[in-house]
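[1] I'll drop the sequence and a predicted model, then ask my questions.
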Amino acid sequence: MRADLETIVHWVPRGARVLDLGCGDGSLLRSLWREREAPGYGVEIEDEAVLACVANDVNVLQVDLESGLSLFADGSFDCVILSETLQTIHRTELLLREMLRVGREGIVSFPNFGHWSSRLQIALGRMPVSDTLPYEWYETPNVHHCTITDFEYLCRRIGIRIRERLVLHANKPVTLLPNLLGSLAVYRCTAN
Amino acid sequence: MNAPHDPSSVGAATAQNATFNEPLRLRGGAELPSFEIAYETYGRLNEARTNAVLVCHALNASHHVAGYYEEDRKNIGWWDNLVGPGKPLDTDRFFVVGSNYIGSCFGSTGPASINPATGKPWGADFPVVTVEDWVEAQARLADRLGIERFAAVIGGSLGAMQALQWSLSYPARVRHSIVIAAAAKLTPQNIAFNEVARQAIMTDPDFHGGHYYDKGVVPTRGLRIARMIGHITYLSGEAMTEKFGRLLRRGAPGFDFDIDFEVESYLRYQGDKFSTYFDANTYLRITKALDYFDPAADYGGDLTKALARASAAFLVVSFKSDWRFPPARSRDIVRALLDNRRIVSYLELDAPGGHDAFLLEDARYHGALRSYFANVDL
């Protein structure tokens, strides 16, 4: 399992009601149900992923995250997850606010654009390609890259309180110079 | 000569009739002293009686869901692409019931049936029936067939309204409700289309206030126009352009009022065909059933409160090109189910077919239904 997903499963309280935004084939929701008895729904826009969710017996809702989370009432989830989806969203600020409107807590993970290998590739004149950023510039679904520092700045600006942070590289925690040595960041946050 | 056997067809189907002599009290206040329901079944009810699926039909269809009739092999069931051995709704696994609603002209008691009080066809005196009434009648059929609880109730359009209503009228009798191209209530615009269709029928001189059976005439002009209006709204603009373009039937404009464009020819053909097999009194009643359906009305318009009774797991499907029952109406249902913390999945497919997409084969649509049914425990 992807390292950030293991962390997410660990962070979700037993029996919590979960909403997974950009849930792919629903495997995280399946793990959450198996390991934490946490029932939930996934939101996904891609047909193929939606069909995979149905086949995996995961509740899935095919709606566009860009238009917000109008299907969901305020505070209707214990935990809203946005795993490696933040960088694909156009209306980032809206979605982060919406997450914390419908959920008491949000879990966000994203590839850290500040990792030294990205910086080096840019310094050498190329767009970065790596394990956590596996796309060429002309085929990437990502539209909003950010660094750990960028994300934390945005959280401060829009009143999101960071409760916990885990930075990873090659599946191992990074504590020294995280914005330089970490390639993946996972946050647990609440509204201020 | 026999046609080669198609292993994915249920084969020859047999329409059956069940008679109920207990009166049926209708939502509108009237009472049917007795009634008949025409139905077909495919596959076998298992010993535990846990594998029954009820298929609810829409406006102009019937209990003939799958297979063909021995005496009329071209008469293929309306959802034959979905229902059969190895098909998404697999009759090797499920016992599928197709039931014709009351008020129909295809076998269940309707306006053309004999009114026991007069010995003549009911005609205009046949009461207005509602989606709730249909579910009541179907519940009696389920009792008769020994089905205490359906594994699933499925329908598209007006059939979806029945699938939804089943989960409200008999929550304990439905495990899964599959609601396709649906609305929890019609918009005024949607009611308006129905009213134009009704006016076309009722102003036809051959309508005779609904008592045309004994006059030996049929209000075919009204039915034709009603069907044309319907057809326009069931297709998407895009699908019409794709299908007909601006092709001229005679190669050049005729500067007269014969058929110029292909689309005119299509509408006339559909209207003519419909007027030979469909009953005008039935058409009036089913469009009313559509208009009246609004489970939230008893709850001050609050659909969340209305759906609180439902305990089934739901699959809701809509099609982006459907402007008669657009995705926004399906999302209303999904939102109300989520508010009630019900199990629900929602698919919003980018299929081009308009409202009729629910009848068409689409790999994603049928793939989803196949997977969903495969996960229904027996």
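    Looks like it arrived, so ask away. Numbers count the residues shown, from 1 in each chain, chains lettered A, B, ... in the order given.
[2] going forward, measure contacts between C-alpha atoms and count neighbours the same way
    OK.
[3] give me the number of neighbouring residues for B:Tyr372.
    The burial count assigned to B:Tyr372 is 22, neighbours taken as other CA atoms under 10 Å in any protein chain shown.
[4] just give the nearest non-adjacent residue to it, would you?
    A:Val54 (6.0 Å; CA to CA, 6 or more residues apart in numbering or on different chains).
[5] looking at the one you found now. What's its pLDDT?
    Per-residue pLDDT puts A:Val54 at 98.
[6] phi and psi next, for it.
    Main-chain dihedrals, A:Val54, degrees, to the nearest 10: phi -60, psi -40.
[7] which stretches of chain A form helices?
    Listed in chain order, the helices of chain A (DSSP state H) span A:3-11, A:27-36, A:47-55, A:92-102, A:116-123, A:148-157, A:178-181.
[8] now swap in the stretch 151-300 of chain B and tell me
    B:158-169, B:188-202, B:220-234, B:237-244, B:262-277, B:280-292 (DSSP state H, counting those that start in this stretch).
[9] and B:Pro295, what does it touch?
    By CA atoms under 8 Å, 6 or more residues apart in numbering or on different chains, the contact set of B:Pro295 is B:165, B:184-185, B:303, B:306.
[10] return the most buried member of the helices of the stretch 151-300 of chain B.
    Highest mean neighbour count among those (mean count of other CA atoms under 10 Å in any protein chain shown): helix B:158-169, with a mean of 26.
[11] avg pLDDT for that helix?
    On average, helix B:158-169 scores 98.
[12] for the residue nearest the centre of chain A, name its beta-bridge partners.
    Residue closest to the average C-alpha location in chain A (CA atoms, centre = their mean): A:Ser83, at 2.2 Å. Judged by DSSP bridges, the bridge partners of A:Ser83 are A:Ser109.
[13] hang on, it packs against A:Gly24?
    No. Proximity of A:Ser83 to A:Gly24 does not meet the contact threshold set by CA atoms under 8 Å, at 9.9 Å.
[14] where in chain A is pLDDT low?
    A:1 (pLDDT under 70).
[15] and it, which residues reach chain B?
    A:47, A:50-51, A:54-55, A:57, A:59-63, A:71-73, A:76 (CA under 8 Å from any CA of the partner chain).
[16] rerun that using 6 Å as the cut-off
    For chain A, the contact set with chain B under CA under 6 Å from any CA of the partner chain comprises A:51, A:55, A:59-62, A:71.
[17] looking at the helices of chain A, which is buried most?
    Sorting those by mean neighbours (by mean count of other CA under 10 Å), the first place falls to helix A:47-55, with a mean of 22.
[18] and that helix with helix A:27-36, angle?
    30 degrees (axes from the mean of the first three to the mean of the last three CA atoms, to 10 degrees).
[19] what comes into contact with helix A:47-55?
    The contact list for helix A:47-55 (CA atoms under 6 Å, 6 or more residues apart in numbering or on different chains) reads A:24-26, B:368, B:371.
[20] B:Val153 contacts B:Met161, doesn't it?
    No. The pair B:Val153 and B:Met161 does not pass the contact test of CA atoms under 6 Å, sitting 10.7 Å apart.
[21] who's in contact with B:Phe319?
    Per CA under 6 Å, 6+ apart, neighbours of B:Phe319: B:348-351.
[22] next up, phi/psi of it, please.
    Taking degrees, to the nearest 10 as the convention, B:Phe319 sits at phi -120, psi 130.
[23] look up how far B:Gln138 lies from it.
    28 Å (CA to CA, to the nearest Å).
[24] same question, B:Ala197
    B:Ala197 is 27 Å from B:Gln138, by CA to CA.
[25] quick one: low-confidence parts of the stretch 251-378 of chain B?
    Looking at the stretch 251-378 of chain B by pLDDT under 70, you get an empty list.
[26] so which bits of it are right by chain A?
    B:335, B:344-348, B:368, B:371.
[27] narrow these to those in helices?
    B:335, B:368, B:371.
[28] could you identify which of these has the most neighbours?
    B:Ala368 (24 neighbours).
[29] now B:Pro121: closest residue in space that isn't a chain neighbour?
    B:Ile114 (4.2 Å).
[30] for that neighbour, give its distance to B:Phe126.
    Here B:Ile114 is placed at a distance of 10 Å from B:Phe126 (CA to CA).
[31] go on, B:Val344?
    Taken as CA to CA, the span from B:Val344 to B:Phe126 is 38 Å.
[32] so who does B:Ala142 touch?
    Counting by CA under 6 Å, 6+ apart, B:Ala142 makes contact with nothing.
[33] so which helix or strand takes in it?
    helix B:131-144 (DSSP states H and E).
[34] can I get the CA coordinates of that helix in CSV?
    Only the C-alpha atoms of helix B:131-144 are listed here, as CSV (Å, rounded to 0.1, in the frame of the first residue of the first chain):
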residue,chain,number,x,y,z
VAL,B,131,-47.3,5.3,-8.6
GLU,B,132,-48.3,4.5,-5.0
ASP,B,133,-51.3,2.5,-6.3
TRP,B,134,-49.1,0.5,-8.6
VAL,B,135,-46.8,-0.4,-5.8
GLU,B,136,-49.8,-1.6,-3.8
ALA,B,137,-50.9,-3.7,-6.6
GLN,B,138,-47.4,-5.1,-7.2
ALA,B,139,-47.1,-5.9,-3.5
ARG,B,140,-50.2,-8.1,-3.8
LEU,B,141,-48.6,-9.8,-6.9
ALA,B,142,-45.4,-10.4,-4.8
ASP,B,143,-47.6,-12.0,-2.0
ARG,B,144,-49.2,-14.2,-4.6
